[in-house]
Structure formats: structure tokens, C-alpha cells
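Student: Show me the folded form of this:
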Amino acid sequence: MATSAPPRFCTDYSKRVSKCQKCKMQLEKGILRLGKIIPNFFLAAKDPSKPPPDMKQYFHKNCLFEMLFKARPTTKVIDDTEEIEGFEDLNAEDQDEIKKLVDELVEKRSKDGPAEPKKTPAKKKTDEEKGEVAETPSRKRKAEEPAKSKRPTEFNEESDFNSFYKFVKVCNVLKEISSKSEKSAAITSLLQKKGFDGDLMLWLTFLIRESDKRNYNVSDETLIANFAKILDMDQAKIQKYVNKSKDVAMSISHAHEKKVTNEKSNWSLQKVDRYLEKLEKLEDEDAILSHLKFAAKRFRHDELEVLIRLIRKELDTGADASVILKGVHSKAPTVFEADGLDNVVDKYYNNNFEEPKKADSKKKFEAPKSKKSRRQQESDDSDGEESEEEEMSDSESEDENGSDSESGEENISGSDSDDVSEISSDDEDGSPKKENSPKKLARGTRTRPRGNDGNIKKKEECPPDMEACRYGEKCYRKNKDHLEEYWHPSR
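Tutor: Numbering: from 1, shown residues only. Just a heads-up that it's a prediction; the model follows:
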């Protein structure tokens with residue numbers, strides 16, 4: 001059976017309306033189109049010994065070259081305009097545009113280098129086969145190598161989280177929210193959604209416009225003039241919208257909505273990034289016009305508005321860099337100011353915003369001290385004082401041959417014990433009981449204060465015609481009016 005031949009390429013002006021195989025948009029009649037000629041395996045050849053008949057897949061000029069720019073090094077692409085069938089039948093302007101694209105494609109592939117065939121890795125001998133038991137230098141190097149970054153190098157452009165339309169919706173949500181904390185929470189919610197595989201670097205670059213260092217050679221006057229030509233409108237009419245709304249992007253979006261009825265596009269964030277990267281390199285006015293026209297024919301009005309805002313570097317979400325980055329992590333704004341956006345993304349994917357704290361080696365090996373409550377400490381202190389008092393009273397009783405001390409000097413514990421016995425040991429007949437040794441105070445028991453004459457003070461009560469001061473004895477006021485108006489206990 002004959003092997004399939006490499007694809008060929010052709011070009012002409014569309015004879016009827018067809019569909020681009022890349023963007024699925026219409027190829028209008030009379031428009032320039034490029035075709036890829038491939039074998040049609042769906043139609044069986046009459047003679048099996050011959051290859052199947054050819055079929056043509058038509059594309060927009062930019063759509064085909066976008067595919068060729070992303071093709072693998074081993075894929076057959078256009079290396080010269082002579083390989084394009086029908087190239088000589090085109091007008092001079094279209095020939096020049098295709099020739100520029102071919103030159104850019106050849107230059108890119110020459111920088112990437114020729115494709116190297118994959119080699120089958122040779123089987124490595126084990127240490128036992130080599131007769132080596134000791135650790136080899138290569139093994140040591142592997143052990144010393146730092147842990148690999150978890151940051152992805154490739155992203156799925158077809159994922160919903162890499163959709164430019166998704167980005168437009170998020171911008172609208174941020175615009176409607178007034179609270180900064182809620183804006184940050186919206187970013188957090190996006191990143192924490194199940195299966196999030198978006199390119200965080202592009203999300204943050206688009207949301208934080210000051211992080212985009214590219215310089216687009218497109219002024220507001222250029223945008224208004226070019227879109228007036230693209231939409232076939234009077235430039236003064238668009239300028240009138242701009243003067244009224246003070247918003248170039250919104251004015252062009254409204255004009256686009258009236259003229260073009262596109263559905264939402266299937267562009268990815270990566271494709272928009274490549275679009276902006278190419279716009280930065282364009283300086284010719286006609287090339288810029290053609291580039292803007294390419295997006296206007298494919299975008300819906302709200303997507304075009306956000307694209308223009310990205311070009312003008314003023315996204316109207318009301319969220320600055322700090323608000324957006326707080327949605328990533330609370331420490332992300334500090335990292336952004338110190339090390340830049342790339343380090344924020346690295347720390348996000350490697351989950352190392354929180355640096356591990358080093359444990360103190362001394363504290364690590366110290367035996368943990370048992371914590372005592374305040375009540376336990378007070379009880380321990382009171383037990384120590386009571387034991388000292390008992391020893392003192394025992395020694396005094398031994399010196400006096402067992403008789404109690406009746407001198408005028410009384411120790412505090414003795415007087416307190418007498419007070420407790422007088423208050424709590426009265427019988428019904430009123431005769432107090434005498435004890436030979438001082439009693440041990442019950443824990444938590446308080447004695448009544450004594451006056452200068454040795455008698456127990458009676459509890460003072462507030463007179464009925466006055467109001468007691470809330471601070472009592474601790475009142476710090478010296479105002480006479482206050483002292484006369486409120487009752488204070490004698491100090």
C-alpha cells in the first residue's frame with residue numbers, strides 16, 4: 001500500500017462562502033484564503049495501488065500560519081512561497097503579506113533548530129554489575145539537587161479556566177462588587193475551584209495592568225480612526241460617543257455591537273497574549289489596522305471592549321494590585337513589591353508563602369514544666385505559712401510548759417484562730433470553748449477586720465437617703481460635690 005505524501009499548500013480568492021477549519025468562522029466570497037492539500041482517506045481509490053484522491057482544507061491566512069508557527073519541528077510547513085500553488089495569481093499586496101509570514105516562520109524554525117530524532121535510552125548497569133558499592137558522584141549530585149518546582153510549564157488552552165471569555169466574565173464580576181475584601185474573595189474563589197488549571201501568570205498579568213511591560217504603539221486617536229474604518233462608520237460619530245462617555249473602549253464596543261453580531265469567541269488567554277505580543281512589534285499603520293480588524297471580526301462586543309482595555313492598560317475592575325494579590329495569598333502583595341510577579345506565581349504553585357519556623361534547640365529538649373493554676377499556687381503558699389505558724393506555736397508552748405501565751409503581743413494567726421473559735425464555737429448556752437493550741441485556719445476563710453481598740457469592725461451600710469459610690473473605698477475622686485452626693489465607706 002502506498003504511503004501518504006506530505007501535505008501541500010495552495011491559495012486563491014474564495015469563489016463562494018466557506019468555513020475556516022481553524023476558527024470555524026466564514027470565509028466570505030472574494031476573500032483571500034489559503035488551503036492545505038491532504039489525502040482524502042474517506043474516499044477509496046479505484047485502484048488500491050494508487051494513493052487516495054486529494055482534498056483541500058481552507059483557512060484564513062492568519063489562522064493557517066498560527067497553526068504552522070505552533071507546529072512540531074518534524075511537521076512539514078511552508079518554507080518558500082514557491083511551495084504555495086496559485087501564489088503567482090495573487091495581487092502584489094497579498095503576495096507581500098504572505099511572503100512576510102513565510103519569512104517569519106522560517107526565521108522562527110531556524111532559531112528552534114532542526115528536529116532531533118528520539119534515541120532509545122541505553123540500559124543502565126546496576127551498581128552490582130559494575131562492582132560498585134560506594135556512592136557515586138552522580139548519585140551525590142542528585143541528592144544535593146534542590147526539589148523541583150511544581151510550577152507547570154504547559155497549559156491546556158482548551159480549558160475553561162484558560163478561556164478569554166471566562167476572563168471577561170470575571171472582570172464584569174469584579175466591576176460589580178464594591179468592597180475590596182469581596183473582590184479579593186472572588187479571586188480566591190476562582191483559584192480554589194475544583195480542577196483549576198488556568199495559567200495564573202497570564203491571569204495576574206492581565207488583571208494587574210502595571211505588570212505588563214509591553215509598549216503598544218496604539219494611541220486613542222489611532223484606535224478611533226482604525227475602528228471607524230473597520231466598522232465603516234464616521235469617525236466623528238465614534239468621537240462623539242467618546243466625548244460623552246469619556247471611555248474609548250466602551251464607545252468602540254457600542255459601535256461594534258451595532259455593526260457586528262458575533263457570538264462569543266473561543267480564544268484562549270494564551271492566544272490573546274500572542275495577539276498582544278505581535279501588536280507590540282507592529283509599527284506600520286496598515287499592519288496595525290489589519291491586526292485590529294482580525295480581532296474585530298471574531299470578537300463579541302464585550303470581548304472587544306476588554307481587549308481594548310488591555311491594550312490601553314486600564315482595566316476598569318476597581319481592583320488594584322494589592323486587592324488582586326490578596327486573593328492569591330495574604331503575603332502575596334509583599335512578595336510582589338519585593339521580588340515581582342514571577343516570584344508570586346512560583347510561591348503559589350510551590351505552596352511556600354509560609355516559611356517554616358525553626359524550632360529553638362534549647363526549648364526542644366527542655367522538659368515541659370507543669371502549669372499550676374493561680375488557686376493551686378495560693379493554696380501552696382498558704383500551706384507553707386500555716387506549717388511555719390504551727391512550728392512557732394509548738395515551740396512557744398514547749399518553752400512555757402504547755403501554757404498558752406497571754407501576753408499583749410498576739411501573732412496574726414493566733415488572733416485569727418481566736419476570732420474563728422469565738423464566732424463558730426459558741427454553744428446554745430453562750431459559753432465559748434477554750435482550746436489549748438491555736439487552730440489551723442480553714443482554707444479560704446477570711447477574718448473580720450479589727451479596729452484600733454481591738455474590737456471587730458461592724459460592716460458599714462449605705463444610708464437610705466444616699467447612693468453608694470461604685471468605686472467604694474478605692475474611689476479616686478476628691479471633688480467635694482461627689483463626696484457629698486455619694487456615700488463612701490470610712491477608710
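Student: and the longest strand for this structure?
Tutor: Criterion DSSP state E: the longest strand present in the chain is strand 32-39.
Student: Going by contacts, tell me the helices and strands next to it.
Tutor: Applying 3 or more CB pairs under 8 Å, 6 or more residues apart in numbering; DSSP states H and E, we find strand 32-39 packed against strand 8-13, strand 54-59, helix 61-69. Yep, even glycine has a C-beta here, placed from its N, CA and C like the rest.
Student: For the closest residue in space to residue 177 that isn't next to it in sequence, pull up the helix or strand it's in.
Tutor: Leaving out its chain neighbours, the residue that sits closest to residue 177 by CB to CB, 6 or more residues apart in numbering is residue 183, at 5.2 Å. For residue 183, the element it lies in under DSSP states H and E is helix 180-191.
Student: next SSE after that helix?
Tutor: The helix or strand immediately downstream of helix 180-191 is helix 200-207, counting by DSSP H and E.
Student: which residues are in contact with that following helix?
Tutor: The contact list for helix 200-207 (CB atoms under 8 Å, 6 or more residues apart in numbering) reads 162, 167, 171, 187, 191, 211-212, 269-270, 272-273, 310, 315, 317, 319, 324-325, 328, 341-342, 344-345, 348-349.
Student: now those: which count as buried?
Tutor: Among these, those classed as buried by 16 or more other CB atoms under 10 Å are 162, 167, 171, 187, 211-212, 269-270, 272-273, 310, 315, 317, 319, 324-325, 328, 341, 344-345, 348.
Student: domains for the protein, by residue range?
Tutor: Following automatic domain parsing, one finds the domains of the chain at 8-112, 158-212+313-353, 457-491.
Student: The helix holding residue 183: which residues count as buried?
Tutor: Per 16+ other CB under 10 Å, helix 180-191 contains these buried residues: 183, 184, 186, 187, 190.
Student: if we can go back for a sec, ok, the residue nearest to residue 177 to residue 322 distance?
Tutor: Applying CB to CB, to the nearest Å, the value for residue 183 to residue 322 is 10 Å.
Student: same question, residue 101
Tutor: Separation of residue 101 from residue 322 (CB to CB) stands at 42 Å.
Student: Compare these two and say which is more crowded by neighbours.
Tutor: residue 101 (19 against 15; other CB atoms under 10 Å).
Student: Which secondary structure elements does the host helix or strand of that one sit against?
Tutor: Residue 101 is part of helix 92-112, with elements assigned from DSSP H and E. Contact analysis of helix 92-112 by 3+ CB pairs under 8 Å, 6+ apart lists helix 61-69 as its packing neighbours.
Student: quick one: the helix it packs on to strand 54-59, angle?
Tutor: Helix 61-69 runs at 110 degrees relative to strand 54-59, counting by axes from the mean of the first three to the mean of the last three CA atoms, to 10 degrees.
Student: So for the next helix or strand after helix 61-69, mean pLDDT?
Tutor: Sequence order places strand 84-85 as the next helix or strand after helix 61-69, per DSSP H and E. Averaged over strand 84-85, pLDDT sits at 92.
Student: Strand 84-85 pairs with which strands?
Tutor: strand 8-13 (parallel) (DSSP bridges).
Student: Quick one: mean pLDDT over the longest strand of the chain.
Tutor: Per-region confidence: strand 32-39 scores 89 on mean pLDDT.
Student: CA atoms only for stretch 334-349, dumped as CSV, please.
Tutor: Provided in CSV are the C-alpha atoms of stretch 334-349 (Å, rounded to 0.1, in the frame of the first residue of the first chain):
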residue,chain,number,x,y,z
THR,A,334,4.6,41.9,50.0
VAL,A,335,6.3,39.3,47.7
PHE,A,336,5.2,41.3,44.6
GLU,A,337,6.7,44.5,45.9
ALA,A,338,10.0,42.9,46.9
ASP,A,339,10.5,40.2,44.2
GLY,A,340,8.0,40.8,41.4
LEU,A,341,5.0,38.9,39.9
ASP,A,342,7.0,35.8,38.8
ASN,A,343,8.1,35.0,42.3
VAL,A,344,4.4,35.3,43.5
VAL,A,345,3.4,32.7,40.9
ASP,A,346,6.4,30.4,42.0
LYS,A,347,5.4,30.6,45.6
TYR,A,348,1.7,29.9,44.8
TYR,A,349,2.5,26.7,42.8
